[in-house]
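Engineer: Provided below for reference: sequence and predicted model.
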Amino acid sequence: MDILLVASAFNSLSQRVCAELSDEGHHVDVVLASHGPDAVRAAVREVCPELIVAPMLKSALPEDVWREHTCLIVHPGPPGDRGPSSLDWAIAEEAPEWGVTVLQAEAAMDAGDVWADGTFPVPPAGKSDVYRNEVADAATAAVLLAVRRYADGSYKPRPQSEPGIHVVWRDFFRQEQRRIDWENDSTATVLRKLRGADSQPGVRDEICDREVFLHGGHPEDRLRGEPGELLATRAGAVCRATRDGAVWIPELRPRKSSGDPAPFRRPAASVLSHFPAPPGSSPGMPGSNDRPYWLPEIAAPLELPPDRTTWTDIRYRQRGHIGFLAFSFPGGAMSTTHCRRLLAAWRYALTRPTSVLVLGGARDFFSNGIHLNVIEASSDPASESWSNLNAMNDVVEAVLRTTDRLVVAALGGNAAAGGVMLALAADEVWCRRGSVLNPHYRNMGLYGSEYWTYSLPRRVGAETAERLTTEALPVSAATAERIGLVDRLVPVAAQEFGTEVERLAADLAADPDLPRRITAKATSRHADELQRPLAEYRRAELARMRAVFFDPGAPYHTLRSAFVRKLPTGSSRPLAPGDAR
């Protein structure tokens, strides 16, 4: 069928629905509802769709559109649930199970007939993580079922007035309900509030008499202080005391009205570095832009003891002859500092006696490449872009040059741009079914680096590599396996991914053919180096990127700023999927 996808943003769920509908043989066009109702009407006139699907919609479809066309809306709640903050309420009320509904658009919000629905367990994870994984799994399955039912023509959607459907209206979940009472809330309560707003909208709070939004939360087992007291920093995060413990908060966002020139999410410690020291702080000299001088930096060991419950974004552990280097950066973005720390961890992992080294393995994002928010907040974005890209290249090169063991990249979630190329530097790429890959840089006006001109054609061929990087379409995990971008699909729920990767890695380490494969890998890398050194790929790619970074008129700077500050870009014409943001 010809399907028009209408979305407020071409986010992770919209990309996944688009990619998997395309995998089913449908022709999919995309229009952004954020461009206004007239843009939606124009897209409908131009595309003449047989069906309209809205995977993520923050505003109502124009009435003339849903009256003249069948429009299927994805609601992140079970049948009968209504309102704009469904998942927020589910997390706040600690629902053990939640659902998604694909319903037909009508005048009343979320009240249309049900074409399909599904359920999922709610794990103890951040809202955005749950949305990209459990919600996306259930929603995509429900959309595909609803589309098949519509195409068949014999299915009659269920009205929500049916017996057994309990209708509940849930109001918008406001900041007053998210507010943390540091004196009285338990650590468990604080974590629930933080996780329920980790990406958007954050939890409004005050630090050093300045209003900020807190993003993300993780428990701390040892540090203690007066409730609300800032205790330490670690790897960009800040630790804050609760009534009965402490939590790590990875990111802060200054309010737009605060006058901060960078009012968007970024590492908490870097935001605090610009705040005045609180009364009673130890004297010291102002530090760098990375962290406040008045808080101690308390590192966590790379190999965390099993009895510890604390936050760290990079961990190493070993099981027999298998090393596991896991990392998890907010939003999948890797700043210069992230990259340098990951490179140091990689070098440590190479000192351990293993024959298989697994990179990644955590649920949710693998990597999305360079950290655009940190770059945008920098006093010199061009120089920071250059530093960040070189640091990212250093990590990828280290993986490519590892020839004494087999390397597996384990993608529990989505990856994009340099993050995909980091995965492709491994010998095998294992990807959870349901992940979405964006192996291109075009939407940010960039040529790309991270040795993509070596790794991508080597895997998929020159012609497919050209198509992937110019069409700039999201690629489903199934298609990625079919074209050779991925070696193995892991068909498990997000919560089971790490366990399954460990089992598969054990099988790989026990394979009697492994020593031969490692020898062949080293031979192949040596032959490739003689044909064209990796340094030459890097030099050519970086020359293209440097020309963009240091050109003030390059579209990259406008696109980056709009992306980070969530400003609209582009025209209002109907869009091919790869053109949408």
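Structural biologist: Arrived safely, thanks for sending.

Engineer: just give me the neighbour total for Asp23.
Structural biologist: Number of residues near Asp23 (other Cβ atoms under 10 Å) recorded here: 15. Any C-beta I mention is one placed from the backbone N, CA and C, and that applies to glycine too.

Engineer: excluding sequence neighbours, find me the nearest residue to Val17.
Structural biologist: Spatial nearest neighbour of Val17, excluding adjacent residues (Cβ to Cβ, 6 or more residues apart in numbering): Pro55 at 4.4 Å.

Engineer: so that neighbour sits right up against Ala139, yeah?
Structural biologist: Yes: with contacts counted by Cβ atoms under 8 Å, Pro55 reaches Ala139, the gap being 6.9 Å.

Engineer: name the next helix or strand downstream of the helix or strand containing Leu5, please.
Structural biologist: Under the criterion of DSSP states H and E, Leu5 resides in strand 2-7. Note on strand 2-7: by DSSP H and E, the next helix or strand toward the C-terminus is helix 12-23.

Engineer: that next one to strand 2-7, inter-axis angle?
Structural biologist: 170 degrees (axes from the mean of the first three to the mean of the last three Cα atoms, to 10 degrees).

Engineer: chain center to helix 12-23: distance?
Structural biologist: Helix 12-23 sits 15 Å away from the centroid of its parent chain (Cα atoms, centre = their mean, to the nearest Å).

Engineer: quick check: buried residues in that helix?
Structural biologist: Buried residues in helix 12-23, counting neighbours by 16 or more other Cβ atoms under 10 Å, are found at Ser12, Leu13, Ser14, Gln15, Arg16, Val17, Cys18, Ala19, Glu20, Leu21, Ser22.

Engineer: give me the distance between the nearest residue to the fourth one once chain neighbours are set aside and Phe563.
Structural biologist: On the basis of Cβ to Cβ, 6+ apart, the spatially nearest residue to Gln15 that is not a chain neighbour turns out to be Pro474, at 3.9 Å. Relative to Phe563, Pro474 is positioned 16 Å away (criterion: Cβ to Cβ, to the nearest Å).

Engineer: for the residue nearest to Val17, what are its contacts?
Structural biologist: By Cβ atoms under 8 Å, 6 or more residues apart in numbering, the residues touching Pro55 are Leu5, Ala7, Leu13, Ser14, Val17, Val74, Ala139, Val143.

Engineer: recalculate using a threshold of 10 Å.
Structural biologist: Applying Cβ atoms under 10 Å, 6 or more residues apart in numbering to Pro55 gives the contacts 5-8, 10-18, 21, 72-74, 102, 136, 139-140, 143.

Engineer: do you know the pLDDT at it?
Structural biologist: At Pro55, the model reports a pLDDT of 97.

Engineer: surely His26 meets Tyr150?
Structural biologist: No: using Cβ atoms under 10 Å, His26 is not in contact with Tyr150; the gap is 11.1 Å.

Engineer: neighbour-wise, which of the two wins?
Structural biologist: A direct count of neighbours by other Cβ under 10 Å for His26 and Tyr150 places Tyr150 higher, at 21 against 18.

Engineer: could you find the closest non-adjacent residue to the more buried one?
Structural biologist: Spatial nearest neighbour of Tyr150, chain neighbours left out: Leu51 (5.9 Å); criterion: Cβ to Cβ, 6+ apart.

Engineer: who touches that neighbour in this structure?
Structural biologist: Each residue near Leu51 by Cβ under 10 Å, 6+ apart is listed here: 1-5, 21, 26, 69-72, 146-147, 150-151.
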